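Colleague: no letters, just coordinates:
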């Protein structure tokens, strides 16, 4: 093959790969000469050949462009949920989450609240502010443990709840998920036993799997939360190293542990010298009069790593979370320096700016009101359209509802059928390795309620009825 | 203890913890009433008590403020490098990196190039642009594998080097470090053997440790790079699963593998069905006429995961990197969804905007020129001040020099002594677990060269002379 033919073939490959899309300008002859090291003649030959084949188009004074495709590719259908038992939980979770991102799919499976609930304009204003003031050295200043002012602002929010946390005990992370993962890694070795709830946030199960830890899943009730007697028994029986729990607005059940249970939980763990990794990402999304305390408020022995973020209540896209890690803060910084190095510097600065405007609490009040309203609307639609055999476990915080089909039905099958109608739900099997939650599913109620949503719940109801036959 | 005394004590604890610093405004009486649930009288009593103790100051019409401290705390001295053999490598690395961040310390140990080399104004302009255009839904759109346009722009840079990479094979990550870590995790199981260079980037050693992998460190030469005969032998002897190498401007040695060696490397690995994780973060920092190809350019069997980022050549603070992962792209997205979820959305958008201005290549040309000049200046100062027993291993890319003390000296000791003079260097022991590199150190030459830097090299020379006595 001649040189120019090789170059032409290379360009065709690149076009087929999607590197250059129809309408894209190709590198100029001169640019191509520089980058390929070939002569002008060779490059020019290659382009002429592609032009004669109709693959590219020359525009005078402008350059070469990729020709429009004769037949446009069909967009891929939304990924299907594979309900085969042999599929590991990660693949199942990945499929459901990917499906819920398709713009054509109603994302009731999503773990994110509706992004339109967030103060985009003010956050963008803070971003603009950072673009005016960010200095070259801010990169270094915002390395782990993270921006000083931001850690300070977070410490003050703890202080307002009467929880003494020093800014030096806080490490800023890429969302709460990194905080939780680093915390777990900081206090365990592969093979250790860790307690989780059953059902629990799938991120906990994934983290255990990734770090080769063994799970003890303790039964949790949709109203009262984790069974502390069972927990006490587990602690007495197994050499447990850590406990990863959600104490407020638990995902997926929605319960908030009572103050008494939190106090007893902390005492139990302290008695067994077991670390609590507290996932508290929904703590701002209470519907009651008062923000519930985390279990950390009862901890007097520095045994609780409290993880949270701004992702669920202010701005998911910034990927900023934190852990109040006490004596573990240093180890967590080390682990972070080994894995992601740090959170992005402009994002930290933008949050500092936003928090300094003192609009955060007003935003949170509005957000809570909207979430409560939307949950109410979703619930009403379910009452209207779901057969009476479906049990709706209502709760008064956050944006999830936990639904229970009759015991012989499989929510994974419902999820699969619903996806065919461009509706996603999160089937119970995502939240446990035991398979015990097959008839359950989680439903995200944060989306603005309109005709489309209403009719989707109607469709879900019809699908359930078909499955009941 | 009465209620108001308890509140007062709580506030004192918070002040001692640094939650409220001297001069900070405390929550107002009203705010405190709301957050503590105590009565106005109780809160007011507590504040009055603290005022009478001189801990807080009332300012009419304004509120209560934390009183100035009688004796201000001394700033902590820069962390010392512990050269005790029993200290694990992570602690050593952490100490050195932390020390190099102290504003009072000359950061020759740093892995970052001088942040002043980056186009701050244009990047800030892109950030401002994002603040005008970012939509609520951009969060969802920029989830793994990451922003489509950004992956597209990266694929085009591969295409300009004649390397066919589809945008769909690229996953955007939190810097190259996350890309490398996820890649390693995607292709190994705990207990697997992995080949690294000796010496190598400490991040590779940390990742191996974290993922419980076994290291085979293959000798690398400061001029020619990794010993391929030794590599071939290792591949023939051990069941190696992956190979983590730097082919261009290796850290810490500085070599760039020749095209012949890269071709042979890829062929060798393919013959043994071993994955190459290619760390190519310095590829844009060549001083020659042409950008060197990565080993991936020779890969015909989709066995190379090519990792790079914008952190070393454009903007460290954004924390945006990527991996061209081919068939492993899906697995890497899954792993990312489990650990950090995604890279921050505004940072991805800002990069897309910056790259669309077509200023990137002009910036890179200027950056390369500046780095070459600064390396030259540092080298000249070393020639001037270092005793002739010190060997300076020059190289023509990137911003590191690799220095060799006489065999009986320990660079960790030099590092310790230098820190007492507020000068940091990166001792050889950071780059290997074998201890074989004790007399070596890495020196970051990217900093603007002035009197302070010159005199620091002078001091280093004197310290080495003292050690030689």
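Modeller: Arrived safely. What you are looking at is a predicted structure, and each value in this text was computed from that prediction instead of being measured.
Colleague: what distance do you get for the closest residue to residue A:40 other than its chain neighbours to chain B?
Modeller: Distance criterion CB to CB, 6 or more residues apart in numbering or on different chains; nearest residue to residue A:40, sequence neighbours excluded, is residue A:33 at 5.4 Å. (Each C-beta comes from the backbone N, C-alpha and C, glycine too.) Using CB to the nearest CB, to the nearest Å, residue A:33 is found at 12 Å from chain B.
Colleague: near chain B, which residues of the stretch 1-150 of chain A show up?
Modeller: A:10, A:13-14, A:17-21, A:27, A:31, A:35-37, A:90-91, A:93-94, A:97, A:101, A:112, A:115-116, A:118, A:120, A:124-125, A:127-128, A:130-132, A:134-140, A:142-143 (CB under 8 Å from any CB of the partner chain).
Colleague: ok, back up a step: thought the residue nearest to residue A:40 was touching residue A:41?
Modeller: No - at 9.6 Å, residue A:33 does not count as touching residue A:41 under the criterion of CB atoms under 8 Å.
Colleague: who's more crowded, those two?
Modeller: Using other CB atoms under 10 Å in any protein chain shown as the criterion, residue A:33 and residue A:41 rank with residue A:33 on top: 17 against 11.
Colleague: what mean pLDDT does the helix or strand containing that one get?
Modeller: Using DSSP states H and E, the element containing residue A:33 is helix A:29-36. For helix A:29-36, the mean pLDDT works out to 83.
Colleague: contacts for that helix next, please.
Modeller: A:7, A:26, A:27, A:38, A:39, A:40, A:43, A:44, A:47, B:160, B:161, B:162 (CB atoms under 8 Å, 6 or more residues apart in numbering or on different chains).
Colleague: so which bits of it are buried?
Modeller: A:32, A:33, A:35, A:36 (16 or more other CB atoms under 10 Å in any protein chain shown).
Colleague: now flag whichever of these is closest to chain B.
Modeller: residue A:35 (4.4 Å; CB to the nearest CB).
Colleague: measure the nearest residue to residue A:452 once chain neighbours are set aside to chain B for me?
Modeller: Leaving aside its chain neighbours, residue A:452 sits nearest to residue A:106 (6.8 Å; criterion: CB to CB, 6+ apart). According to CB to the nearest CB, residue A:106 and chain B sit 13 Å apart.
Colleague: element containing residue A:460?
Modeller: helix A:451-468.
Colleague: follow-up on the earlier one: farthest-separated two in the buried residues of helix A:29-36?
Modeller: A:33 and A:35 (7.7 Å; CB to CB).
Colleague: contact partners of the longest strand seen in chain A?
Modeller: Counting by DSSP state E, the longest strand found in chain A is strand A:214-221. The contact list for strand A:214-221, computed with CB under 8 Å, 6+ apart, reads A:191-200, A:205, A:208, A:226-227, A:230-231, A:234, A:238, A:240, A:250, A:253, A:255, A:432-434.
Colleague: buried subset of these?
Modeller: A:192-200, A:205, A:208, A:226-227, A:230-231, A:234, A:240, A:250, A:253, A:255, A:432-433.
Colleague: now the helix or strand of chain A with the lowest mean pLDDT: how far from the chain's centre is it?
Modeller: None of the helices or strands of chain A scores lower by mean pLDDT, DSSP states H and E than helix A:89-99, at a mean of 78. Here helix A:89-99 is found 12 Å from its chain centre; the criterion is CA atoms, centre = their mean, to the nearest Å.
Colleague: beyond it, next helix or strand please.
Modeller: strand A:106-107.
Colleague: strand partners of that next one, parallel vs antiparallel please.
Modeller: strand A:423-424 (parallel) (DSSP bridges).
Colleague: output the below-cut-off pLDDT ranges for chain A.
Modeller: Low-confidence segments of chain A (pLDDT under 70): A:69-89.
Colleague: switch the cut-off to 80
Modeller: A:1, A:17, A:52, A:60-61, A:68-92, A:100, A:433-436 (pLDDT under 80).
Colleague: do you have the strands of the stretch 301-450 of chain A handy? List them.
Modeller: A:304-309, A:321-324, A:391-393, A:400-404, A:423-424, A:426-427, A:440-444 (DSSP state E, counting those that start in this stretch).
Colleague: next step: the contacts of strand A:214-221 restricted to strands.
Modeller: Those of the contacts of strand A:214-221 lying in strands (DSSP E): A:193, A:194, A:195, A:196, A:197, A:198, A:226, A:240.
Colleague: what sits against the fourth one?
Modeller: Applying CB under 8 Å, 6+ apart, one finds that residue A:196 lies in contact with A:204, A:205, A:208, A:215, A:216, A:217, A:218, A:243, A:244, A:245.
Colleague: got the contact list for the residue nearest to residue A:467 when sequence neighbours are not counted?
Modeller: Spatial nearest neighbour of residue A:467, excluding adjacent residues (CB to CB, 6+ apart): residue A:409 at 5.4 Å. Each residue near residue A:409 by CB under 8 Å, 6+ apart is listed here: A:438, A:439, A:464, A:467, A:468.
Colleague: neighbours of the second one, how many?
Modeller: The number of residues packed near residue A:439 is 20, by other CB under 10 Å.
Colleague: wait, doesn't residue A:162 sit right on residue B:13?
Modeller: No - here residue A:162 lies out of contact with residue B:13, judged by CB under 8 Å, at a distance of 10.0 Å.
Colleague: my read is residue A:276 is in a helix, agree?
Modeller: No - going by DSSP: H, G, I helix; E, B strand; the rest coil, the assignment for residue A:276 is strand, not a helix.
Colleague: what bridges to it?
Modeller: With DSSP bridges as the rule, residue A:276 is bridged to residue A:243, residue A:304.
Colleague: am I right that it is in contact with residue A:295?
Modeller: Yes - the pair residue A:276 / residue A:295 is scored as a contact, 6.2 Å apart, by CB under 8 Å.
Colleague: what do those two both touch?
Modeller: A:245, A:265, A:266, A:304.
Colleague: any idea which helix or strand carries residue A:131?
Modeller: Residue A:131 belongs to helix A:120-133, assigned by DSSP H and E.
Colleague: how about that helix: buried residues?
Modeller: Applying 16+ other CB under 10 Å to helix A:120-133 flags A:120, A:122, A:123, A:124, A:125, A:126, A:127, A:128, A:129, A:130, A:131 as buried.
Colleague: stretch A:338-356 now?
Modeller: A:338-355.
Colleague: what strand or helix carries the closest residue to residue A:256 other than its chain neighbours?
Modeller: Closest residue in space to residue A:256, ignoring its immediate chain neighbours: residue A:248 at 4.9 Å, by CB to CB, 6+ apart. Here residue A:248 is covered by no helix or strand, with elements defined by DSSP H and E.
Colleague: contacts only, for residue A:248.
Modeller: So, once contact is read as CB under 8 Å, 6+ apart, residue A:248 ends up touching A:256, A:257, A:280, A:282, A:283, A:286, A:292, A:294, A:397.
Colleague: and for the third one, the neighbour number?
Modeller: Read it as residue A:280. 22.
Colleague: circling back to that earlier point, hmm, who's touching the helix holding residue A:460?
Modeller: A:106, A:108, A:378, A:381-382, A:384-387, A:389-390, A:405-406, A:409, A:413-414, A:417-418, A:421, A:423, A:425, A:447.
Colleague: rerun that using 6 Å as the cut-off
Modeller: Helix A:451-468 is contacted from outside by A:106, A:381, A:382, A:385, A:386, A:387, A:409, A:417, A:421, A:423, using CB atoms under 6 Å, 6 or more residues apart in numbering or on different chains.
Colleague: many thanks, have a good one.
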